[in-house]
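K.L.:
Next comes the sequence, and after it the predicted model I'd like to discuss.
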Amino acid sequence: MKFDIAVLPGDGIGPEVLEEAVKVLRTVTSKYGHEFSLHHGLIGGVSIDKTGEALTADTLKMCKGCQAVLLGAVGGPKWDDPQAKTRPEDGLLAIRKGLGLFANLRPVKVFPTLINATNLRPEVVDGVDMIVVRELTGGLYFGRPKRRWVTSRGRRAVDTMSYSEQEIERIIRVGFELARSRKKRLISVDKANVLETSRLWRQIAIEMAAEYPDIELEHMLVDSCAMRLIQNPRSLDVLVTENTFGDILTDEASVLSGSMGMLPSASLASVPREGTSIFGLYEPIHGSAPSLTGQNVSNPLATILSAAVMLRYSLNLVEEARAVENAIETALDEGYRTYDIMSEGKIQVGTKEMGDVIAKMVGGS
Ligand code: IPM
Ligand code: MG
């Protein structure tokens, strides 16, 4: 089958890790007889340098013509000036909004072979397998007013957390549907003891629970969830939460897996259902890691895993997705490690070598 995939490498280590994901996808094409047409585009700092904008209308249009988008990372010190008019991160926000990608799925799975790679006790992280559903196109990130100004008594700034009923309903639905395909438990995370948006969120979650009598719905305050994440992460399965809470909780959750370099993400424009292909953008949850750029040391597994999630959700190539995931598991079992997950007695490899190992295993499996 033929598929069109947009490839947006971005900044920092983005291009390096994405190259390894593309390497693995090429092996998938030759092994399974598909044709992937890759369309390269600019986003983030490199786009600002070339065009003055973090995301151009051309790149957005190109992405709309594809079945899926694979993204590396954006940002770097070069574009970090708080006075700057345009920032690389604006490109990320613009593409999420422009493509209607309201549902961000961040699975947090601990590979058994990596339970010693984390700072937490192995018995705490062993068996962790959860998914955080983060609302991605609303809340503080996009609410208006959002501005900075000077008053007679000094400078002032405002961000706005705002949510409509429709925005809340569609993201909680993603949570319920995912819970249905997993352990039939959904935890809705909010700050309903303080925030009005959270009180609306909680009320809508309660109303929707009537449509899902087979799912057990629990509410958790975000601060308490932050604690539970490291105290008893195995007790969590599907979490659904608003944009900023999800941003913070998923960085925390990444510690469970041993490294930010292990976690993929999918940003979707509709509710995922087995057996259907939906449009989505796939990226590692880590950033552009400027200090590691060009050294062939960063971990490409989060990006390769993101490509696997793309195969599953956007291209409906389930067997191929599983082959990539299995290859990663085998490579870890055989002791291959990038520096971030390295431990004694294992084989330390660079970014490219890790990509080679996975590609070879996908090709041979
Ligand atoms: C993420 C990142 C982004 C976010 C940044 C880079 C804008 O932290 O995808 O989690 O805050 O959403
Ligand atoms: Mg983040």
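P.N.:
Cool, the structure landed. Numbers count the residues shown, from 1 in each chain. Ligands and ions are numbered 1, 2, ... in the order given.

K.L.:
per the record, what domains does this protein have?
P.N.:
By the assignment in automatic domain parsing, the chain contains the domains 1-112+275-365, 118-257.

K.L.:
does the last one come close to ligand 1?
P.N.:
Right, domain 118-257. Yes - Domain 118-257 is in contact with ligand 1 by Cβ under 6 Å from any ligand atom, via Asp247. Where C-beta positions appear, they are placed from N, C-alpha and C, glycine not excepted.

K.L.:
what about Ser291, distance to ligand 1?
P.N.:
Using Cβ to the nearest ligand atom, to the nearest Å, Ser291 is found at 16 Å from ligand 1.

K.L.:
So what's the residue count around that residue?
P.N.:
Neighbourhood size, Ser291 [other Cβ atoms under 10 Å]: 10.

K.L.:
Wasn't it part of a strand?
P.N.:
No - per DSSP: H, G, I helix; E, B strand; the rest coil, Ser291 lies outside any strand segment and is helix.

K.L.:
Quick check: the gap between it and Leu70.
P.N.:
24 Å (Cβ to Cβ, to the nearest Å).

K.L.:
cool, Val240 as well?
P.N.:
25 Å.

K.L.:
more neighbours, those two?
P.N.:
Using other Cβ under 10 Å as the criterion, Val240 and Leu70 rank with Val240 on top: 28 against 24.

K.L.:
ok, the more buried one touching Ile172?
P.N.:
Yes - with contact defined as Cβ atoms under 8 Å, Val240 counts as touching Ile172 (5.7 Å).

K.L.:
Quickly list what's touching both of these two.
P.N.:
Each of Ser188, Ala205 lies in contact with both Val240 and Ile172 under the rule Cβ atoms under 8 Å, 6 or more residues apart in numbering.

K.L.:
Show the pLDDT at the spatially most central residue of the chain.
P.N.:
For the chain, the residue sitting closest to the mean C-alpha position, by Cα atoms, centre = their mean, is Ser265 at 2.4 Å. Among the per-residue scores, Ser265 holds a pLDDT of 96.

K.L.:
Can you verify it is assigned to a helix?
P.N.:
No - Ser265: not assigned to a helix; according to three-state DSSP it is strand.

K.L.:
Can you spell out which residues form a bridge with it?
P.N.:
Beta bridges link Ser265 to Glu283, judged by DSSP bridges.

K.L.:
got a list of what it touches?
P.N.:
Ser265 touches Asn104, Leu105, Arg106, Thr250, Tyr282, Glu283, Pro284, Ile285, Ser306, Val309, counting by Cβ under 8 Å, 6+ apart.

K.L.:
how close does it sit to Tyr336?
P.N.:
23 Å.

K.L.:
No further questions, thank you.
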